[in-house]
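Undergrad: This is a predicted model, with the sequence first.
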Amino acid sequence: MFKPKTERIKQLAERFPERIRELEVIFDKKTNVYIDYANVRPWATKLGWHVDPKRLEQFLDSFNTISSIKFYQGTLTSDAESKQFVRDIKSLGYDLTTKLVKIMRLSIDVSSIPAGSPDILKNFIRAPLLKNLKLEAIEYLNNQLRELNRQGKKYLEDRKCNFDVEIGRDMLVDYAEHGIENFVLWSGDSDFADPLTQLIEDGKKVAVFATARRIAQNLVNS
């Protein structure tokens with residue numbers, strides 16, 4: 001079942017045999033892995049990990065029950081490094097899904113609103129919290145934005161590239177059409193609770209790879 005693809009993986013497997021045995025239980029039948037890479041990067045930064053996609057692919061490919069390693073990553077068209085990373089991922093043997101990253105400009109221009117107005121802040125702070133902030137707090141935050149305006153900053157850029165729909169769809173298609181028995185998800189997003197619950201109810205094995213305090217409660221519950 002486990003046949004190390006490289007000498008380094010062989011050495012690690014000999015050093016940590018109990019980890020290989022644990023994974024052989026998870027990967028005991030036909031398995032697909034789904035890596036939401038935008039979720040992986042923050043974990044790595046927070047924990048001081050270095051997740052090398054090349055070594056990860058070699059390691060997962062060492063288990064002959066893994067049918068496909070699906071990798072989801074956005075592409076920044078204006079960023080050469082981003083485009084090269086996507087090409088590298090595809091060349092490593094991952095089943096890659098990518099799409100363009102949306103860059104949204106969010107105004108922070110407070111020049112035309114009163115000091116106590118929440119009109120700009122509501123784009124960044126959820127309504128239940130904003131409603132409970134004191135007027136002094138709103139005025140303070142607007143003054144901070146006004147200082148950024150004086151420095152020439154009138155908007156912030158927010159990047160968005162969500163693959164929840166694509167991953168959930170791929171899981172259900174792989175179950176219905178490709179005979180996958182085990183589903184390994186690298187993400188802690190709450191949107192996956194429904195497809196994972198359906199898979200579990202239908203007798204499939206599901207494993208979620210995430211870090212503590214980075215996984216939605218409804219995923220834990222399911």
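TA: All right, it came through fine.
Undergrad: Only C-alpha atoms from now on, for both contacts and neighbour counts.
TA: Will do.
Undergrad: after the host helix or strand of residue 176, next one along is what?
TA: Following DSSP states H and E, one finds residue 176 within helix 164-177. The C-terminal neighbour of helix 164-177 among helices and strands, as given by DSSP H and E, is strand 182-186.
Undergrad: Tabulate the CA atom coordinates of that next one in CSV.
TA: Extracted as CSV, the C-alpha positions of strand 182-186 are listed here (Å, rounded to 0.1, in the frame of the first residue of the first chain):
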residue,chain,number,x,y,z
ASN,A,182,-12.3,8.1,1.0
PHE,A,183,-12.3,11.9,0.9
VAL,A,184,-9.5,13.9,2.4
LEU,A,185,-10.1,17.7,2.6
TRP,A,186,-7.4,20.2,3.3
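Undergrad: Direction included, what does it pair against?
TA: strand 31-36 (parallel), strand 205-208 (parallel) (DSSP bridges).
Undergrad: all strands of this structure, in order?
TA: Counting by DSSP state E, residue ranges of the strands within the chain are 31-36, 66-72, 95-97, 102-107, 155-160, 182-186, 205-208.
Undergrad: So which of those is nearest residue 132?
TA: Proximity to residue 132 (Cα to Cα) singles out strand 102-107 among the strands of the chain, at 22.7 Å.
Undergrad: Report the buried residues of the closest one.
TA: Of all the residues in strand 102-107, those buried under the rule 16 or more other Cα atoms under 10 Å are residue 102.
Undergrad: Identify all contacting residues around that strand.
TA: Contact with strand 102-107 is made by 120, 123, 154, 155, 156, 157, 158, 159, 160, 161, as judged by Cα atoms under 8 Å, 6 or more residues apart in numbering.
Undergrad: which of those lies closest to residue 195?
TA: For the contacts of strand 102-107, with residue 195 as the reference and Cα to Cα as the criterion, the closest is residue 161, at 19.9 Å.
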